[in-house]
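[1] With the sequence up front, the predicted model follows.
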Amino acid sequence: MTQAWPAHLFMVGCGNMAGQMLARWLACGLDPARATVLRPSGRAVADGVQVVTDYPASLPAQAMVMLGMKPYQLDDVAVSLAPLCTADTRIVSILAGTPVADLRQRFPAVRDVIRAMPNLPVALGQGVTGLYADRDVSPSARSAVDAIIKPLGAAEWIEDEGQFNALTALSGCGPAFLFRFIDAFSRAGEAIGLSRDQAARMALATVQGSANLAAQADESPATLADRVASPGGMTREGLNILDADNRLLNLLSDTLAAARDRGEEIARAR
Ligand SMILES: NC(=O)C1=CN([C@@H]2O[C@H](COP(=O)(O)OP(=O)(O)OC[C@H]3O[C@@H](n4cnc5c(N)ncnc54)[C@H](O)[C@@H]3O)[C@@H](O)[C@H]2O)C=CC1
Ligand SMILES: O=C(O)[C@@H]1CCC=N1
């Protein structure tokens, strides 16, 4: 099936996250002439993509607007952007902790407002993007968003916006937690006597290979862990440390809960 692209993509902000999304879209065939980026720095993003430092007089017809700046910039952005929006504008927001109701309040002319929460591996087409649309959003807008998210990796729609901060904590923030894990895994290897370089290479390759294996396996990661552990062997001793008093589970639960709660705080601060 051929890839469907929006008539025009207008990106407000194009930093770490939105920049990776755009790079992947361009690599997958988005015509750069159909994308405009608004960023205060005016720095180029990619060949053929127009970068502007101020809002145009109007948006192209049927524009998909992606809000990719920081959540706290929403008020400033809305003042300039809302007057340009019409009933055929679609808004996709990747702003953490920013409910659809807040967006609707600031962009009253827009019916199709969708929340998306991507993560950094979208750059490789191996990301996870959480998605939420309320009942007012048209089926065609949902399909258009599905189509543009597909080249980025997995798409996970949720029905209840109340879960959006949990979803963000798990997959949006998740790469940071896993990068931290890889770093700690490597430093732990160093602590038991391996050289820094070798520990770093081995930690990363072990995580990568294990994730690929888990993704292809018929068994759950919990079962796979037990398969590595020979009775009375070395792995079991290590797992016993992770499992004692649910140490790892509790650590990760606390980590995700803290990230989720920050999302709730951001929303309350509006
Ligand atoms: N970094 C990540 O892994 C993820 C970030 N997000 C969301 O993406 C958004 C951006 O985060 P990052 O890319 O990490 O930040 P960033 O700081 O790298 O990018 C922000 C972008 O907004 C632009 N900008 C600044 N002021 C602006 C204004 N007044 N109007 C328009 N554009 C403006 C900047 O030039 C920059 O291009 C946030 O809302 C965040 O919640 C979502 C998922 C993952
Ligand atoms: O840290 C943040 O707020 C954003 C949300 C997901 C990843 N980065």
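    Nice, thanks for sending it over. Ligands and ions are numbered 1, 2, ... in the order given.
[2] got the domain boundaries for the protein?
    8-163, 174-267 (automatic domain parsing).
[3] what's the first-to-last distance across the first one?
    When you say that, I think you mean domain 8-163. End-to-end span of domain 8-163 (CA to CA, to the nearest Å): 30 Å.
[4] so who does Thr168 touch?
    Taking CB atoms under 8 Å, 6 or more residues apart in numbering, we find Thr168 in contact with 96-97, 117, 130, 259-260, 263. In this view, the C-beta of every residue, glycine as well, is placed from N, C-alpha and C.
[5] re earlier: got TSV for the domains of the chain, with distance to Thr2 and mean neighbour count too?
    Shown next, in TSV, are the domains of the chain (distance: least, CB to CB, whole Å; neighbours: other CB atoms under 10 Å):
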stretch	distance to Thr2	mean neighbour count
domain 8-163	9	18
domain 174-267	27	13
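[6] where does the residue of the chain found nearest ligand 2 land on pLDDT?
    Among residues of the chain, the one nearest ligand 2 by CB to the nearest ligand atom turns out to be Gly172. It sits 3.3 Å away. On pLDDT, Gly172 comes in at 98.
[7] How about the one 5 residues further on?
    The score at Phe177 is 98. That number is its pLDDT.
[8] For it, give me its contacts.
    Counting by CB under 8 Å, 6+ apart, Phe177 touches 252, 255.
[9] That one sits in which helix or strand?
    In the assignment (DSSP states H and E), Phe177 maps to helix 174-191.
[10] That helix and ligand 2 in contact?
    No: judged by CB under 6 Å from any ligand atom, helix 174-191 stays clear of ligand 2, getting no closer than 7.0 Å.
[11] What is the next helix or strand after that helix packed up against?
    Sequence-wise, the next helix or strand downstream of helix 174-191 (DSSP H and E) is helix 196-216. In this structure, helix 196-216 makes packing contacts with helix 174-191, helix 221-228, judged by 3 or more CB pairs under 8 Å, 6 or more residues apart in numbering; DSSP states H and E.
[12] that older thread, next, the angle from the helix holding Phe177 to helix 196-216.
    Using axes from the mean of the first three to the mean of the last three CA atoms, to 10 degrees, the inter-axis angle of helix 174-191 relative to helix 196-216 is 130 degrees.
[13] Could you pull out the strands in the stretch 51-200 of the chain for me?
    Assigned by DSSP state E, counting those that start in this stretch, the strands in the stretch 51-200 of the chain fall at 63-67, 90-93, 112-117, 127-133, 153-157.
[14] Which one of those lies nearest to ligand 1?
    Of those, nearest to ligand 1 by CB to the nearest ligand atom is strand 112-117, at 5.5 Å.
[15] residues touching Val52, list them.
    Val52 makes contact with 36-38, 42 under the criterion CB under 8 Å, 6+ apart.
[16] Return the set of residues that bridge with Trp157.
    Residues in a beta bridge with Trp157, per DSSP bridges, are Leu131.
[17] can you pull the contacts of Arg187?
    With CB under 8 Å, 6+ apart, Arg187 has these contacts: Ala199.
[18] can you pull the contacts of Ser186?
    Neighbouring residues of Ser186 by CB under 8 Å, 6+ apart: 196, 199-200, 202-204.
[19] that older thread, dump the contacts of Val52 to JSON lines, plus distance to ligand 2, pLDDT and secondary structure.
    Output for those, formatted as JSON lines (distance: CB to the nearest ligand atom, whole Å; pLDDT from 0 to 100; DSSP: H, G, I helix; E, B strand; the rest coil):
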{"residue": "Thr36", "distance to ligand 2": "24", "pLDDT": "98", "secondary structure": "strand"}
{"residue": "Val37", "distance to ligand 2": "19", "pLDDT": "98", "secondary structure": "strand"}
{"residue": "Leu38", "distance to ligand 2": "20", "pLDDT": "98", "secondary structure": "strand"}
{"residue": "Gly42", "distance to ligand 2": "24", "pLDDT": "95", "secondary structure": "coil"}
